[in-house]
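Novice: any chance you could fold what I've pasted below:
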Amino acid sequence: MTMSDWLSNNWIEIFGAITGIIYVFFEIRQNIWLWPVGIITSAVYIIIFFTSKFYADMSLQGYYLVISCVGWVWWLRGGGRKAEGKGAEASRLPSSEGLGVGKNGSELRAHGKEVEASRLPSLEGLGVGNGETEGLRDEETKRLNVTRITLKTGLILSVVVILLYFLMWFVLSRLTDSPVPEWDSFITSLSIIATWMLARKIYEHWFLWIVVNSVALIIFMTRGLYPTAVLYLVYFVMSFVGLKVWRRSL
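Specialist: All right, here's what the predicted structure looks like:
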């Protein structure tokens, strides 16, 4: 088989691998364009995994389509989270001391803690209109920041991933001709949780991708899906880059 024949026979998988690589670069940079690119990639891989009998992975791509739409909305609207801790709005107001207001009048707390904003001079008096002030506050409310996973969330997700694994393994081993039901279920269950964590911008989702990508790389190589294996090799390497880059955002 010539190279041109191989390319013509595998063009859709190559296209999916290329969009997948673009996706992970957007993910690392926390660029919201990762979601529309992810939708395209998932649609392509539904076809690829169906023809390769990776039925759990095919179903996973359907889940990706849905969670990509949800993640897109969460990243746009912030999921109802504050960008910073309590007192974020007050910290953006001018210092009362710098405006000539004494400490007794402003009741400041030491070391940059919350400021009683109501005691500070009105921003309108400083030439800042109400519209600009509200715009700053709205932007702070909308932005979804990178966070660490909580113990409660971690325990819940651990239970969910175990349940998902056994459910998928049972279905694949009993009702399909999947060649690797155990590994297919493992990759899919972890990927579902990792994608949800990505949509919520939870830092630890990168650790799950490291595990998923290393296992998937081996599986896809053994099944002859070489462009997809290359894609997951890139995913594996970039997962470590993502850990480093996202850590700076904490």
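Novice: every contact and neighbour count from this point should use C-alpha atoms.
Specialist: Will do.
Novice: against Ser4, how distant is the closest residue to Leu157 other than its chain neighbours?
Specialist: Distance criterion C-alpha to C-alpha, 6 or more residues apart in numbering; nearest residue to Leu157, sequence neighbours excluded, is Ile193 at 6.9 Å. From Ile193 over to Ser4 the distance is 39 Å, taken as C-alpha to C-alpha, to the nearest Å.
Novice: mind checking which of these two has more residues around it?
Specialist: Ile193 (18 against 9; other C-alpha atoms under 10 Å).
Novice: surely that one meets Val161?
Specialist: Yes. At 6.9 Å, Ile193 counts as touching Val161 under the criterion of C-alpha atoms under 8 Å.
Novice: where do the strands of the protein begin and end?
Specialist: Assigned by DSSP state E, the chain shows no strands.
Novice: who's in contact with the longest helix anywhere in it?
Specialist: In the chain, with assignment by DSSP state H, the single longest helix is helix 151-175. Identification of contacts with helix 151-175 by C-alpha atoms under 8 Å, 6 or more residues apart in numbering yields Tyr55, Ala56, Ser178, Pro181, Glu182, Asp184, Ser185, Phe186, Thr188, Ser189, Leu190, Ile193.
Novice: in it, what counts as buried?
Specialist: Within helix 151-175, the residues scored as buried using 16 or more other C-alpha atoms under 10 Å are Leu157, Val161, Leu164, Tyr165, Met168, Trp169, Leu172.
Novice: now stretch 189-197
Specialist: So for stretch 189-197, counting by 16+ other C-alpha under 10 Å, buried means Ser189, Leu190, Ser191, Ile192, Ile193, Ala194, Thr195, Trp196, Met197.
Novice: which among those residues gets closest to Ile22?
Specialist: Proximity of the buried residues of stretch 189-197 to Ile22 (C-alpha to C-alpha) peaks at Thr195, which lies at 16.3 Å.
Novice: could you find the closest non-adjacent residue to the residue nearest the centre of the chain?
Specialist: With distances taken as C-alpha atoms, centre = their mean, Leu198 lies nearest the centre of the chain, 2.0 Å away. Spatial nearest neighbour of Leu198, excluding adjacent residues (C-alpha to C-alpha, 6+ apart): His205 at 6.2 Å.
Novice: identify the residues contacting that neighbour.
Specialist: His205 neighbours (C-alpha under 8 Å, 6+ apart): Ala194, Thr195, Met197, Leu198.
Novice: turn these into a markdown table, columns for distance to Ser42.
Specialist: Supplementary listing: those in a markdown table, determined by distance: C-alpha to C-alpha, whole Å:
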| residue | distance to Ser42 |
| --- | --- |
| Ala194 | 15 |
| Thr195 | 12 |
| Met197 | 18 |
| Leu198 | 16 |
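Novice: okay, the residue nearest to Leu198: pLDDT?
Specialist: Predicted confidence (pLDDT) for His205: 95.
Novice: over to the one 3 residues further on?
Specialist: Model confidence at Leu208, expressed as pLDDT, equals 96.
Novice: model confidence score at Val237, please.
Specialist: 93.
Novice: now do the one 5 residues further on
Specialist: Predicted confidence (pLDDT) at Gly242: the value is 92.
Novice: likewise for the one 3 residues further on?
Specialist: For Val245, the pLDDT comes out at 92.
Novice: and Ile219, by the same measure?
Specialist: 90.
Novice: could you check how far it is from Glu27?
Specialist: 24 Å.
Novice: comparing these two, which shows the higher neighbour count?
Specialist: Applying other C-alpha under 10 Å to Ile219 and Glu27 shows that Glu27 carries more neighbours, namely 21 against 17.
Novice: so who does that one touch?
Specialist: Leu34, Gly242.
Novice: let's see 6 Å
Specialist: Glu27 makes contact with Leu34, according to C-alpha atoms under 6 Å, 6 or more residues apart in numbering.
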